[in-house]
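Asker: following is a predicted model, sequence given first.
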Amino acid sequence: MSDLPRKAVTRTAKLATLPIGFAGRATWGLGRRIGGKSAEIVSRELQQRTADQLFKVLGELKGGAMKFGQALSVFESALPEEVAGPYRAALTKLQEAAPPMPTRTVHAVLTERLGEDWRELFLEFEDKPSAAASIGQVHRAVWHDGREVAVKVQYPGAGEALLSDLAQLSRFARLLGPLIPGMDIKPLITELRNRVAEELDYGLEAQAQQEHAEEFADDPDVVVPEVVHQSEQVLVTEWIDGWPLADIITDGTLEQRDRAGQLLARFLFSGPARTGLLHADPHPGNFRLLPPVGAEDDDADSLEERIGEFRLGVLDFGTVDRLPGGLPDTIGQALRTTLEGDAEAVYDLLREEGFVRETIDLDPDAVLDYLLPIIEPAAVEEFTFTRTWMRTQAARIADPRSPAHQLGRQLNLPPAYLLIHRVTLSTIGVLCQLNATVRLREELEDWLPGFLPDSEPEYEDGGGTGSDDETDGGTEG
């Protein structure tokens, strides 16, 4: 029997404490103000209490509640700095860890899915999970052939919990909206619901991960663990060490941040071109920064000198977008014509693809003005992604008084682009958390169809730009 709080009534009651708690703390804060506490101190206390409750409720429930929290976590860069701190700490916890399920439950799943003699498959198995996420948790082990492996065990009842949580969260999406200015929460929840069946299917996940592992096997920049074994509710893959991206965000050097950001952008755009699949869960918990091959004995100084050889480890292929032809070349064409300042060409492309509905007429120059600040990182040789830049963009679009807000409400996001849009926004959010200086234009030229006129991306045998020249490693920004 599952130890997840599965019953709809129980989970609904727990989730309902979020908006009720928000309202209650506002009243509590007013009382503190009347009692003489300063507005600044009360505000800070309110934010911390809200953040603590957010992590406690979403983390304990796992399922869709935690999946929603992880999706939100990459957008904390859009929060005003005065409120970002407490949420940043709470949401970062959701990227790497959650309260684990009991050992007896783990053993029961392994017995049911791998057989009574499941322990014979392993030379070692750590009962304490190394990570716990929204629908499963990971245990470190040694496979019977001596390979170190990660054993992903799905929570019993995870599917029911996912659907129940996301249905409940959608009911008070408007109350959660202020957490991330400029973002409509409800479509995010809807899109997460649409991916439930796929994410629960470890067979599909194993297939997507193995395709990536084979394609990137000899890549100098990206590491994807091989799939070792898969059965319903259990997925065994090779183990990779490295620094979690969340640690690089918190404590990484400037050079590490820049290198991680460059590789993240490279993987985002090269993956669909090389595999026909887009990794669609780019929160920091799914990435590691790995040292160069053969660097086990290197000291800190020599590692710093080899920063251009650091690699990106990629985990969790439970959610992918299937793009057999790679990213749509319309994206590259729209980016290129926008940067060229061709308002009419951009407008025609957007109307043709359904971003502008047939029933709506917009000023092409106004559309161009709306898009140019958003694509600023692609207009220059290198760009420093910062929380300040992201907040500026969020505020510009969220302010009801701004022309950008009014125009944005009239644009449409076709279903085929929904997941691509979320993944791109999420990746930008992580780059802003990293405060990374990235040569984004270089990656677009190499990998994005349509970005260069009359050209296709070049990729063969390890792909990528493969460049680790003297410019790689970071620039002060």
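Answerer: In hand now; what should we look at?

Asker: ok, how many other residues are close to Glu344?
Answerer: 12 (other C-beta atoms under 10 Å). C-beta coordinates here come from the backbone N, C-alpha and C atoms, glycine included.

Asker: how about the one 5 residues further on?
Answerer: Counted by other C-beta under 10 Å, the residues lying close to Leu349 total 20.

Asker: confidence-wise, which helix or strand of this structure is lowest on average?
Answerer: When each helix and strand of the chain is scored by mean pLDDT, DSSP states H and E, helix 8-34 comes last, with a mean of 43.

Asker: who are the packing partners of whichever strand or helix holds Thr427?
Answerer: Following DSSP states H and E, one finds Thr427 within helix 415-434. Secondary-structure packing of helix 415-434 (3 or more C-beta pairs under 8 Å, 6 or more residues apart in numbering; DSSP states H and E): helix 185-194, helix 245-251, helix 254-275, strand 277-279, strand 320-322, helix 387-398.

Asker: am I right that Asp446 sits in a helix?
Answerer: Yes. Under DSSP: H, G, I helix; E, B strand; the rest coil, Asp446 falls within a helix.

Asker: hang on, it packs against Phe269?
Answerer: Yes. Look at Asp446 against Phe269 with C-beta atoms under 8 Å: they come within range, at 7.5 Å.

Asker: picking up where we left off before, out of the helices and strands packed on helix 415-434, which one sits most buried?
Answerer: helix 254-275 (a mean of 24; mean count of other C-beta atoms under 10 Å).

Asker: that helix to helix 415-434, inter-axis angle?
Answerer: Our comparison of helix 254-275 with helix 415-434, counting by axes from the mean of the first three to the mean of the last three C-alpha atoms, to 10 degrees, yields an angle of 160 degrees.

Asker: give me the mean pLDDT for helix 254-275.
Answerer: The pLDDT scores in helix 254-275 average 97.

Asker: what of stretch 363-377?
Answerer: pLDDT averaged over stretch 363-377 gives 95.

Asker: residues making contact with that stretch?
Answerer: 335, 338-339, 341, 343-344, 346-347, 350, 356, 379, 383, 385, 389, 392-393, 396, 403-404, 407-408, 428, 438, 440-441 (C-beta atoms under 8 Å, 6 or more residues apart in numbering).

Asker: please apply the same query to stretch 327-339.
Answerer: Taking C-beta under 8 Å, 6+ apart as the rule, stretch 327-339 contacts 269, 272-273, 278, 345-346, 349-350, 352-353, 368, 371-372, 375, 378-379, 416-417, 420, 444, 447-453.

Asker: same question, stretch 343-355
Answerer: Contacts of stretch 343-355 (C-beta under 8 Å, 6+ apart): 330, 333-334, 337-338, 356, 358, 362, 364-365, 367-368, 371, 411-414, 417.

Asker: show me which of those are buried.
Answerer: Neighbour counting with 16 or more other C-beta atoms under 10 Å marks Thr330, Gln333, Ala334, Thr337, Thr338, Val356, Leu362, Pro364, Val367, Leu368, Leu371, Tyr417 as buried within these.

Asker: Ala108 - nearest residue in space that isn't next to it in sequence?
Answerer: Pro156 (7.9 Å; C-beta to C-beta, 6 or more residues apart in numbering).

Asker: look up phi and psi at the one you found.
Answerer: phi -60, psi 140 (degrees, to the nearest 10).

Asker: what is the burial count for it?
Answerer: 19.

Asker: what's the pLDDT at it?
Answerer: Taking Pro156 on its own, its pLDDT is 84.

Asker: wouldn't it be in contact with Pro102 here?
Answerer: No. Using C-beta under 8 Å, Pro156 is not in contact with Pro102; the gap is 11.2 Å.

Asker: re earlier: ChimeraX command to pick out the buried ones of the contacts of stretch 327-339?
Answerer: Selection of buried members from these for ChimeraX, criterion 16+ other C-beta under 10 Å:
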select :269,272,273,278,345,346,349,350,353,368,371,378,417,420,444,447,448,449,450,451
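
Asker: so, low pLDDT: which residues of the protein?
Answerer: 1-99, 133-134, 161-189, 191-192, 194, 454-477 (pLDDT under 70).

Asker: so which residues of it form strands?
Answerer: Assigned by DSSP state E, the strands in the chain fall at 122-125, 131-132, 136-143, 148-154, 222-223, 227-231, 234-238, 243-244, 277-279, 287-290, 311-314, 320-322, 383-384, 437-438.

Asker: which residues touch the longest one?
Answerer: If I follow you right, that is strand 136-143. By C-beta under 8 Å, 6+ apart, strand 136-143 touches 98, 100-101, 106, 121-132, 148-155, 158, 228-229, 233, 236, 239.

Asker: do that again at 7 Å, thanks
Answerer: Contact with strand 136-143 is made by 100-101, 122-126, 129-131, 148-155, 158, 228, 236, 239, as judged by C-beta atoms under 7 Å, 6 or more residues apart in numbering.
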